[in-house]
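> my questions concern the predicted model and sequence given below.
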Amino acid sequence: MIEHVSRRTALSGLAAGAGLALISEESVAQPLSRDGADVEIAVAQVSPTCVRITLTPLVDGQPVPIPDDGVLVDPHAWPVAARLRALTTPATIVCGELKVTLSRDPLTVSVHGSDGRKVQEIGIEPAGGFSFQLDQGPLFGLGQGGPQFDRRGDVDTMSSGQGGYELKTHGSREPIPWLIGSGGWGLFVHHPSGGFDLGGTQGRFQPKTPGAALDLFVVGAREPARIMADYARITGFAEMPPLWSLGYQQSHRTLGSPEEIIAEARKFRDKKLPCDAMIYLGTGFCPNGWNTDNGEFGWNPRAFPDPQKAVDDLHGLGFKVVLHAVLEGHVLAGNVSDPCTAPPLPSGRTPDGHWPHDRQVSCYWPVHKPLVDMGIDGWWPDQGDGLDAPSRLARNRMYFEGQQLYRPNKRVYALHRNTYAGMQRYAAFLWSGDVGSTWETLRTHVPVAINTGLSGIPYWGTDIGGFVPTDEYTGELFARWFQFAAFNPLFRSHGRDWRMHLPWGWSEGVRGAPETPKWNPDPATLHDPRVEPICRQYLELRYRLMPYLYSAVRETCDSGLPIMRALWLHYPDDPVAATRGDQYLYGRDLLVAPVTEKGATHRSVYLPRGVWHDFWTHQRLDGGREVSRPVGLETLPIYVRAGAVIPMGPVKQHTGELSDEPLTLWVYPGADGGGVVYEDDGDTFDYRKGAFGWIKATWSDARRELTLEQKGTVVGPRTLRVGLAGGTAGHEVSLHHAAVKVRL
């Protein structure tokens, strides 16, 4: 028990001269306690709109340290503004635009904005949990999976993995303890782990370990972009992935002969169906995969008798090669630069068929090196549901930092099934797990994608067509899923009976080796000639929009805004937009409304305020209302915000293909606006050193004038085409450093 101290003494560590102030009265204070145990409360300013609040038990007069689980960018980045161990009357600490008020009996932390708005009120509960306020709007975040779209009403234990919640329709559960109130607040629970109860008028957090220290971050801002930026300040801004990872990726299961593997790659090129990567599953989940068994790193000679030649041949055709890797266990500790001090362990199972419980990253990562030396371009780390949260993040980090040990200036691609808060700073991709091929799954995955993005995970996607075929799996479902995935950051087709996940699979109707005993379709239903042309249409559109997508990715890395965006992010004052989880913004300017109903002939779309253009017909529509869009099977409704300048490139067969065709900038009139095109080499980390460039476009609607400027270090003379949407790109513009004005 610490001795009773005055409030002046208790607050003597308050930082001065940093825009922080304490408002209090002199009196005799009583020790702060929770459930009879003395505690210390510390307050730190993270940004003008974010504060960190820690409550730590005292042992022998010293606060119990908060565990460093790797989640925070820097646990010591934010100097403590005030530490309190005793209190009688409320004390208020001013941190930027927020005021934090601490009260005793009951122990409460209130956060108000500078305008007097109550941002959040946290009531400390005896068992170690806490309550918090819920405003009237939707609640977002909490990671991938779980009940969608608004989290209100959920009781979420935050369990991780494919057993988390309704795998077939909602996907694997990847919990991120970051909750957003659409009224203008965010709450991140860094420590301890626990569950959320959002079923009442107040929210509650119940820790798995009673009595543990609390480490909370509260954000208060009316602008959603500031809320997302604060989450990125806490857990890290995203890293740029390699450009090729944004292209189409074809995944495989049971392979045929070595000749068939290369023949399939050539078929993509012969058919002129764009594709950047070939992904190969491990043997164990299929009879004939790339390796000898799951978790092992030796090549399977039946599929790859000469693996170096196969890799070289695929590279020669313009494909990247990505390999599946399995890891099970509970703890994966440390990082790649640590010394390896553990006894030798196999990369997979032990001889008695068990997975080792604990591993060191520094001991496990080196088994990847021979494959890196061979030229393998990326990784598909599967499984790992049993890993604890720090281990899931350590695995994300391992692939990012480990690859750089061998290729220091080459960006990294890894597609994970398990993760935790902070994965974005390792450029890690996430897919939604082994979902079922149903219309409900496709429908549910639109809000899943949105909440995943709001949870700070920007690089996300799903298995096109669904992983497990059902009686609902038809060419129509595959085509609709393909359209949706063309507007996901991850554009990958994968699933059992994988030949029916090829762009031409429904033309040939060849199921291949049956992998799903419960799926016994009539062979006639496997033929649908409509599908391949639709796949071609959206493959080509994806590659033409690559400059737009890549610029949105850079914006994500700079701002914390996701690529797939809830309408709420840009229209927070529109109550209809805030509740729409069935459509989203792709970057800032494209509104995408996936068709998720079987046999649909129309799609209802909500257009927020302003003027919008139908991407396909160029029809101009006023927003602030619902519209009904006719939809043939080939049509995914897309709308473009008036004032946008959308960059489009040539159709390429892979992102590395050279083309003499210039970039085209399409102007969508009806409002002032503009856009930017971000460019770098797409492959190295040189952008960190300033090796990148921008083309900035500014549109004046009244003057019908587009102003173009080049900025950055990797700019040079070039020719662009410019045109009004719906017309022709009739203006060729020579651009260098000087600004150029074009009248349209």
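Structure received.

> distance between stretch 63-83 and the chain's centre?
Computed by C-alpha atoms, centre = their mean, to the nearest Å, the separation of stretch 63-83 from the middle of its chain amounts to 25 Å.

> the helix or strand residue 558 falls within: which residues count as buried?
Following DSSP states H and E, one finds residue 558 within helix 546-559. Using 16 or more other C-beta atoms under 10 Å as the test for burial, helix 546-559 gives 546-557. (C-beta placed from N, C-alpha, C; glycine too.)

> residue 120: which of those residues is nearest?
residue 556 (26.2 Å; C-beta to C-beta).

> got the phi and psi for the spatially closest residue to the closest one that is not a sequence neighbour?
Distances taken as C-beta to C-beta, 6 or more residues apart in numbering put residue 458 closest to residue 556, at 4.7 Å, once the chain neighbours are dropped. Dihedral pair for residue 458: phi -80, psi -30, per degrees, to the nearest 10.

> surely residue 458 and residue 423 touch.
No. Using C-beta atoms under 8 Å, residue 458 makes no contact with residue 423, being 9.6 Å away.

> low-confidence bits of the protein, can you list those?
Within the chain, the ranges that satisfy pLDDT under 70 run 1-28.

> who's in contact with residue 472?
Residue 472 sits next to 437-439, 598 when contact means C-beta atoms under 8 Å, 6 or more residues apart in numbering.

> what segments of the stretch 501-650 of the chain are helices?
Using DSSP state H, counting those that start in this stretch, the helices found in the stretch 501-650 of the chain span residues 505-508, 531-544, 546-559, 575-578.

> relative to residue 232, which of those is closest?
Across those, residue 232 has its closest neighbour in helix 546-559 (7.6 Å, C-beta to C-beta).

> burial measure for the residue nearest to residue 556, as a count.
For residue 458, the count of nearby residues is 28 (other C-beta atoms under 10 Å).

> roughly how far apart are residue 356 and residue 346?
As judged by C-beta to C-beta, to the nearest Å, residue 356 and residue 346 stand 8 Å apart.

> so between those two, which is more surrounded?
Using other C-beta under 10 Å, the more surrounded residue of residue 356 and residue 346 is residue 356, with 19 against 13.

> doesn't residue 345 make contact with that one?
Yes. Here residue 356 reaches residue 345: they are 5.0 Å apart, a contact under C-beta under 8 Å.

> name the SS class of residue 448, please.
Under the three-state scheme (DSSP: H, G, I helix; E, B strand; the rest coil), residue 448 adopts helix.

> repeat that for residue 168.
Of the three states, residue 168 takes helix under three-state DSSP.

> which one is it nearest to, not counting chain neighbours?
residue 436 (3.9 Å).

> so who does the one you found touch?
Shown in contact with residue 436 (C-beta under 8 Å, 6+ apart): 168-169, 466-468, 470.

> most neighbours out of the residues you listed, which is it?
That'd be residue 466 among the contacts of residue 436, by other C-beta under 10 Å, with 29 neighbours.

> which non-adjacent residue is nearest that one?
Take residue 466 and drop its neighbours on the chain: the residue closest to it by C-beta to C-beta, 6+ apart is residue 437, 3.2 Å away.

> just the contacts of residue 436 now: which is nearest residue 405?
Closest to residue 405, out of all of these and judged by C-beta to C-beta, is residue 467, at 32.6 Å.

> distance of that closest one relative to residue 503?
Taking C-beta to C-beta as the measure, residue 467 and residue 503 are separated by 18 Å.

> cool, residue 91 as well?
From residue 91 over to residue 503 (counting by C-beta to C-beta), the distance is 64 Å.

> and those two? Which one has more around it.
The neighbour comparison of residue 91 against residue 503 (other C-beta under 10 Å) goes to residue 503, with 26 against 23.

> tell me who's in contact with the closest residue to the more buried one other than its chain neighbours.
Computed as C-beta to C-beta, 6+ apart, the closest residue to residue 503 that is not its neighbour in sequence is residue 535, at 3.8 Å. Contacts for residue 535 (C-beta under 8 Å, 6+ apart) come out as 273, 479, 482, 503-504.

> residue 491 too?
Neighbours of residue 491 in contact, by C-beta under 8 Å, 6+ apart: 246-249, 461, 464, 485, 542.

> ditto for residue 620
Per C-beta under 8 Å, 6+ apart, neighbours of residue 620: 611-614, 642, 670.

> what do you get for residue 248?
By C-beta under 8 Å, 6+ apart, residue 248 lies in contact with 274-277, 491-493, 539, 542.

> hang on, the earlier thing: so among the contacts of residue 535, which ones count as buried?
273, 479, 482, 503-504.

> out of those, which is nearest to residue 129?
Looking across these and measuring by C-beta to C-beta, the closest to residue 129 is residue 482, at 44.3 Å.

> now do that closest one against residue 595, distance only.
Computed with C-beta to C-beta, the distance linking residue 482 and residue 595 is 11 Å.

> all the helices of this protein, residue numbers only.
Taking DSSP state H, the helices of the chain run over residues 7-10, 167-170, 224-235, 258-271, 307-316, 361-364, 369-374, 389-406, 439-454, 475-485, 505-508, 531-544, 546-559, 575-578.

> could I get the ones you listed as a markdown table with distance to residue 128?
Shown next, in a markdown table, are the helices of the chain (distance: least, C-beta to C-beta, whole Å):
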| stretch | distance to residue 128 |
| --- | --- |
| helix 7-10 | 23 |
| helix 167-170 | 29 |
| helix 224-235 | 22 |
| helix 258-271 | 55 |
| helix 307-316 | 52 |
| helix 361-364 | 31 |
| helix 369-374 | 44 |
| helix 389-406 | 18 |
| helix 439-454 | 27 |
| helix 475-485 | 42 |
| helix 505-508 | 53 |
| helix 531-544 | 48 |
| helix 546-559 | 35 |
| helix 575-578 | 33 |
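
> out of these, flag the one nearest residue 187.
helix 224-235 (10.2 Å).

> for that closest one, which helices and strands make contact with it?
strand 37-47, strand 50-59, strand 185-191, strand 214-220, helix 546-559 (3 or more C-beta pairs under 8 Å, 6 or more residues apart in numbering; DSSP states H and E).

> no more questions from me, cheers.
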